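S.K.: Sequence and predicted structure, then a few things I'm wondering about:
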Amino acid sequence: MSAANKAGVLPKAVIAALVGTVAGGTAGVWSLRQPAASVNVSAVPVSAPKVTTTRVADRDAARLSSTALVNQASPPTSSATVQDDADILQRARTLARLPDVTALMALRNAVVQQASERGIAGSSSIKGELDEIDLRLNEARRLRLRLDAEELRKADSARSE
């Protein structure tokens with residue numbers, strides 16, 4: 001790769017990162033203003049996802065739809081049930097398979113906020129739930145990095161041809 005090409009890659013990468021950040025932030029704020037969609041998480045297949053690369057537009061659409069999984073969390077109540085915890089953990093597993101890191105972080109924040117509102121933030125059940133969500137968050141990050149690396153390799157090979 002020539003020196004001129006190397007010099008042009010960094011500014012383009014920075015611009016792409018900024019545009020992606022602004023678009024993602026805008027989509028996140030926009031999704032918070034929309035009513036929560038009714039999503040049946042149990043209808044989502046439990047099998048491992050097919051690892052394929054997608055176009056940025058497809059990925060953004062998947063993120064927007066998976067945000068509905070986060071927004072589906074039930075409002076805080078005085079008594080937390082085991083079923084609510086299972087639903088949250090199922091949503092975390094689903095988001096990890098997408099892999100939607102942003103939605104998983106929002107889900108984790110929602111769990112922390114609801115636990116604080118209920119006064120059970122320090123309980124062992126909440127800590128265990130957060131540990132499980134953190135595990136799924138790490139899985140999603142690894143998968144997202146692997147998919148992004150594949151996209152970069154394909155883009156590099158297409159450019160060099």
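M.R.: Here it is on my side, so go on.
S.K.: only C-alpha atoms for contact and neighbour calcs from this point on.
M.R.: Noted.
S.K.: top helix in the chain by residue count?
M.R.: Criterion DSSP state H: the longest helix present in the chain is helix 124-160.
S.K.: Just name whatever secondary elements that one is in contact with.
M.R.: helix 82-97, helix 101-118 (3 or more CA pairs under 8 Å, 6 or more residues apart in numbering; DSSP states H and E).
S.K.: Would you mind putting these into CSV with mean neighbour count alongside?
M.R.: Formatted as CSV, the helices and strands packed on helix 124-160 follow (neighbours: other CA atoms under 10 Å):
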stretch, mean neighbour count
helix 82-97, 19
helix 101-118, 19
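S.K.: Figure out which of those helices is closest to Leu143.
M.R.: helix 82-97 (8.1 Å; CA to CA).
S.K.: The helices and strands packed on helix 124-160: which one's closest to Gly20?
M.R.: With CA to CA as the measure, helix 101-118 is the member of the helices and strands packed on helix 124-160 nearest Gly20 (12.6 Å).
S.K.: Which positions in the longest helix of the chain come out as buried?
M.R.: 126, 129-130, 132-134, 136-137, 139-141, 143-144, 147, 151 (16 or more other CA atoms under 10 Å).
S.K.: out of these, who's nearest Asn109?
M.R.: For these, the nearest to Asn109 is Leu130 (9.5 Å; CA to CA).
S.K.: For the closest one, give its distance to Gly122.
M.R.: Look at Leu130 and Gly122: by CA to CA, to the nearest Å, they are 11 Å apart.
S.K.: Poorly predicted segments of the chain, please.
M.R.: For the chain, the stretches flagged by pLDDT under 70 are 1-7, 10, 25-82.
S.K.: tell me the domain boundaries of it?
M.R.: The record's domain parsing of the chain by automatic domain parsing lists 1-35, 52-161.
S.K.: got a list of what Asp85 touches?
M.R.: Glu129 (CA atoms under 8 Å, 6 or more residues apart in numbering).
S.K.: my guess is Ile133 meets Leu104, correct?
M.R.: Yes - using CA atoms under 8 Å, Ile133 is in contact with Leu104, at 7.5 Å.
S.K.: joint contacts of the two?
M.R.: Here Ile133 and Leu104 have Ala92 as joint contacts, going by CA under 8 Å, 6+ apart.
S.K.: ok, so what distance separates Leu98 from Ile15?
M.R.: Distance, Leu98 to Ile15, by CA to CA: 25 Å.
S.K.: between the two, which one's more packed in?
M.R.: Between Leu98 and Ile15, counted using other CA atoms under 10 Å, Leu98 has the larger neighbour count: 20 against 12.
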